[in-house]
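Visitor: missing the sequence, but the structure's below:
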Ligand code: ARG
C-alpha cells in the first residue's frame, strides 16, 4: 500500500473533475503539522492562478470531487486553498494488517519499471581505497538496493580508474621488483599505497626510470603483450583488495560490476569521429575541443571541453563520453546515476551537455550527478590521519571494530562468544555506514566516533537495539509472526501515530529511489523507532490483563515495525542481529 500514490491518484481525478488540466501536479505531502491533516494537498493555489479562479473556491470544488470513501474520515479546505486529509483509523488498521502479513511489508513496486545504471565506488588501481571512496560506495549501494527492491532493473557500474599515464611508472616499478624476487613482489603489493609512492619517487628522482616508464606508456597503449600482462597483474591485485573491503562493508559490488576506464579504450577514437561528424569539434593548439555556449569562462567566452590532447592522448572526459554512450545505447538505460564527489560537478555538467549534443544520450535518458560532500574530522578539516595522510578504509574499519568491541563488552554480559563477534561486526560496520548514510549527502559531515557509536540519537546502535527489543517482545510472548491472526485495532493515539508511520514506508522508498538520498530512509527508520517507543510505553503487550484481541493486534504492530526496521536497514546495507 502506497498511500501517497493512492492519494495523488484520487487528487488528480478530483482536480480534473473540477476543471484543472490533466497535467496539474497533485502535490500531496504528509501534513506539515498535527492539525493540517495526515496528508495535505498543496496543488490548488498554483492551479487556480493558471485557471484564473479564486483558490478557495477551486479548493472547495476539488474537495467535493475528491472521492476517499472508506479511506478518509475528513477532508477540509484550509487557509488560502490547502486541502487537509484525515485518514480513517479503521482503514489504517487494515493497511497495517495487510502489510504485517506481506513479505514486502506493504511496499508497492514502482509504477514504471526502469533500467537504472548506477555508477559508484570507482576507486583507482594500485591505490588503496580510502575514506574518499567510502561515501560513493555506500550511498551508491544503498540507492542501488532500494531501486532493485522497487522492481527496477539496476546495472551497477564500477568505473575503476585502471588506465592512464601513471601505469608507465607502475609497470616499471613492478618489473624492477620482479627482477629482485617473487616474494618481494607479493609482499610489496600487499601495501599498494607504498608501492605507488615508491614508483612515483623513482619516477621523479631517476631520469632513466622515468624514460623507461614513458616508453612503457607508449607500449601499453599500443597493446604490447608484456606490458598488458604486468598491467593486468596490478589490476587483479587491486580488485582482490577492493573486494575484501566490499565484503567487509556488506556492499553488493562484485567483479562482474567492474567496467573500468580501460574497457572504453577502443571506443575513444569513435567518440572523436562522431563529434567531428556532428561538427562539434574545434582545434585549439592542436588539441580537439568541444565548445559549449551554455558554459562561459570568466571572460564570458564559451568554455571548451578538451576531448583529445595535442599528442593524441584521450582524457577523463573522453572516457566518460564513451561510458555514457555505452550506458544509453548498449545497456538501454532510462536513468544513469553518478555517485561522485561534488568537486566533479562541472565535469559532469559539461560531459552531459556534450553527450546530448552528440546524441550519445537521447533527451529521454536522465543523467544525474548525485554529488556528495566531504568527510571532515572533528576539527572541521578534511578527515586525515594525525600525520596528515589519507586514512585507508581498511584501517578505519579496524578501528571501528576495536571501538565496538569495547562498547559491547561493557553492555552485553549474557551473549555467547559467537553472538558477540556478530554483534561487534554489525555495530562497527553499521555505525560507520549509518553515520554517513543518515546525513544529507549534498553537504560535508563531521566523522565522530563517539556520536556514531552512541545508543541514543539517530545512530545505528539505537536502531539495532530497537530491533532487538521487538525480538525480545516476541520471545517473551512465546509466539511467532505466522501464528498471529485477527484484526489490527487502533485504540489509542500512540497506536494511530505508529500505524500511520508504518504505512509511509512505501512512499519513503519511492523518494529515496527518485532522489538518491538514503538519509530520508534513515530519518524514517529513526521516526518509526521513536513512535514505537511511545507506543510501547502506553500499549503493553505482555502485561497481565491485556485483552487477547488487543495483545494480538499489538503484536502485529510490533511485528511490522520490526520487519520494516530490518528491511530498511538491509536496503541501507546494514546487518541486524537478534540480540545484543
Ligand atoms: N576514479 C574516479 C576517482 O577516484 C571516480 C570515477 C567516477 N565515475 C565516473 N564515471 N567518472 O575520482
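Guide: On my side now, so go ahead. In this text, all values refer to a predicted model and were calculated from it rather than measured experimentally.
Visitor: give me the contact list for stretch 235-242.
Guide: With contacts defined as C-beta atoms under 8 Å, 6 or more residues apart in numbering, stretch 235-242 is touched by 121, 123-129, 160, 162, 189, 192, 255, 258, 260. Glycine gets a C-beta too; all of them are placed from N, C-alpha and C.
Visitor: again with stretch 47-57
Guide: For stretch 47-57, contacts defined as C-beta under 8 Å, 6+ apart pick out 15, 19-21, 24, 44-45, 58-59, 77, 80-81.
Visitor: give me the buried subset of those.
Guide: Neighbour-count burial (16 or more other C-beta atoms under 10 Å) applied to these gives 15, 20, 24, 44-45, 58-59, 77, 81.
Visitor: in helices only, show me those residues.
Guide: Using DSSP state H, the members of those that fall within helices are 15, 44-45, 58-59.
Visitor: circling back: can you put the contacts of stretch 47-57 in a markdown table and add distance to residue 475 and pLDDT?
Guide: A markdown table is the format used below for the contacts of stretch 47-57 (distance: C-beta to C-beta, whole Å; pLDDT from 0 to 100):
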| residue | distance to residue 475 | pLDDT |
| --- | --- | --- |
| 15 | 50 | 96 |
| 19 | 58 | 94 |
| 20 | 54 | 94 |
| 21 | 56 | 94 |
| 24 | 51 | 95 |
| 44 | 51 | 96 |
| 45 | 52 | 95 |
| 58 | 55 | 96 |
| 59 | 51 | 97 |
| 77 | 49 | 96 |
| 80 | 53 | 93 |
| 81 | 52 | 95 |
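Visitor: and this protein, which residues reach the ligand?
Guide: 119, 122, 124, 159, 161, 320, 323, 338, 340 (C-beta under 6 Å from any ligand atom).
Visitor: switch the cut-off to 5 Å
Guide: Remark: the part of the chain in contact with the ligand comprises 119, 122, 159, 161, 340, using C-beta under 5 Å from any ligand atom.
Visitor: most widely separated two among those residues?
Guide: Taking C-beta to C-beta, the two most distant members of the residues of the chain next to the ligand are 119 and 161; they sit 12.4 Å apart.
Visitor: the two - which one has more neighbours?
Guide: Neighbour totals were compared for residue 119 and residue 161, and residue 119 leads with 24 against 18 (other C-beta atoms under 10 Å).
Visitor: can you report phi and psi for the more buried one?
Guide: phi -100, psi 110 (degrees, to the nearest 10).
Visitor: and the longest strand anywhere in the chain, which residues are buried?
Guide: Counting by DSSP state E, the longest strand found in the chain is strand 287-296. Of all the residues in strand 287-296, those buried under the rule 16+ other C-beta under 10 Å are 287-290, 292.
Visitor: with stretch 433-442 instead?
Guide: If you call a residue buried by 16+ other C-beta under 10 Å, then stretch 433-442 has these buried ones: 433-439, 441.
Visitor: residue 345 contacts residue 371, doesn't it?
Guide: Yes - with contact defined as C-beta atoms under 8 Å, residue 345 reaches residue 371; the gap is 5.7 Å.
Visitor: hang on, the earlier thing: ok, which pair from the buried residues of strand 287-296 is furthest apart?
Guide: The widest separation within the buried residues of strand 287-296 (C-beta to C-beta) is 15.4 Å, between 287 and 292.
Visitor: which stretches of the stretch 101-250 of the chain have low pLDDT?
Guide: Per-residue confidence for the stretch 101-250 of the chain (pLDDT under 70) gives these ranges: 184, 186-190.
Visitor: mind redoing it with 80?
Guide: Filtered on pLDDT under 80, the stretch 101-250 of the chain yields the residue ranges 128, 130-132, 180-191.
Visitor: that one: helices as residue ranges?
Guide: 131-149, 166-180, 182-189, 192-205, 207-221, 225-249 (DSSP state H, counting those that start in this stretch).
Visitor: would you turn those helices into a markdown table with mean neighbour count?
Guide: Below are the helices of the stretch 101-250 of the chain laid out as a markdown table (neighbours: other C-beta atoms under 10 Å):
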| stretch | mean neighbour count |
| --- | --- |
| helix 131-149 | 23 |
| helix 166-180 | 20 |
| helix 182-189 | 13 |
| helix 192-205 | 16 |
| helix 207-221 | 16 |
| helix 225-249 | 17 |
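Visitor: okay if I get those helices as a markdown table plus distance to residue 569?
Guide: Listed next are the helices of the stretch 101-250 of the chain as a markdown table, based on distance: least, C-beta to C-beta, whole Å:
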| stretch | distance to residue 569 |
| --- | --- |
| helix 131-149 | 10 |
| helix 166-180 | 39 |
| helix 182-189 | 36 |
| helix 192-205 | 32 |
| helix 207-221 | 44 |
| helix 225-249 | 14 |
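Visitor: about what we covered before: so which of residue 345 and residue 371 has more stuff around it?
Guide: Neighbour tally, residue 345 and residue 371, criterion other C-beta under 10 Å: the higher count belongs to residue 371, 17 against 12.
Visitor: what sits against the more buried one?
Guide: Per C-beta under 8 Å, 6+ apart, neighbours of residue 371: 340-342, 344-345, 441-442.
Visitor: closest to the ligand out of these?
Guide: Ranked by distance to the ligand (C-beta to the nearest ligand atom), the contacts of residue 371 are led by residue 340 at 4.4 Å.
Visitor: ok, the closest one - contacts?
Guide: Contact partners of residue 340, counting by C-beta under 8 Å, 6+ apart, are 119, 122, 136, 348, 369-371.
Visitor: likewise for residue 490?
Guide: Residue 490 touches 89-90, 92-93, 96, 496, 499, counting by C-beta under 8 Å, 6+ apart.
Visitor: Three-state assignment for it, please.
Guide: coil (DSSP: H, G, I helix; E, B strand; the rest coil).
Visitor: my read is that residue 574 contacts residue 250, right?
Guide: Yes - Residue 574 is in contact with residue 250 according to C-beta under 8 Å; the separation is 7.2 Å.
Visitor: what is the burial count for residue 506?
Guide: Residue 506 has 22 neighbours, counted by other C-beta under 10 Å.
Visitor: where's it, which helix or strand?
Guide: Assigning secondary structure by DSSP states H and E places residue 506 in helix 505-515.
Visitor: could you list the residues in contact with the helix or strand following that helix?
Guide: For helix 505-515, the following helix or strand on the C-terminal side (DSSP H and E) is helix 519-538. With C-beta under 8 Å, 6+ apart as the test, helix 519-538 has contacts from 142, 146, 434, 437-441, 458, 462-463, 466, 469-470, 473, 492, 494-495, 497-498, 501-502, 504-505, 508-509, 511-512, 557-558, 561, 564-565, 568-569, 571-572.
Visitor: avg pLDDT for helix 519-538?
Guide: For helix 519-538, mean pLDDT rounds to 96.
Visitor: packing partners of whichever helix or strand comes after it?
Guide: Using DSSP H and E, the helix or strand that follows helix 519-538 in sequence is helix 548-571. Secondary-structure packing of helix 548-571 (3 or more C-beta pairs under 8 Å, 6 or more residues apart in numbering; DSSP states H and E): helix 89-100, helix 131-149, helix 460-477, helix 493-502, helix 505-515, helix 519-538.
Visitor: three-state assignment of residue 336?
Guide: Under the three-state scheme (three-state DSSP), residue 336 adopts strand.
Visitor: ok, the nearest residue to residue 265 once chain neighbours are set aside to the ligand distance?
Guide: Closest residue to residue 265 apart from its sequence neighbours, by C-beta to C-beta, 6 or more residues apart in numbering: residue 163 at 6.9 Å. Here residue 163 is placed at a distance of 10 Å from the ligand (C-beta to the nearest ligand atom, to the nearest Å).
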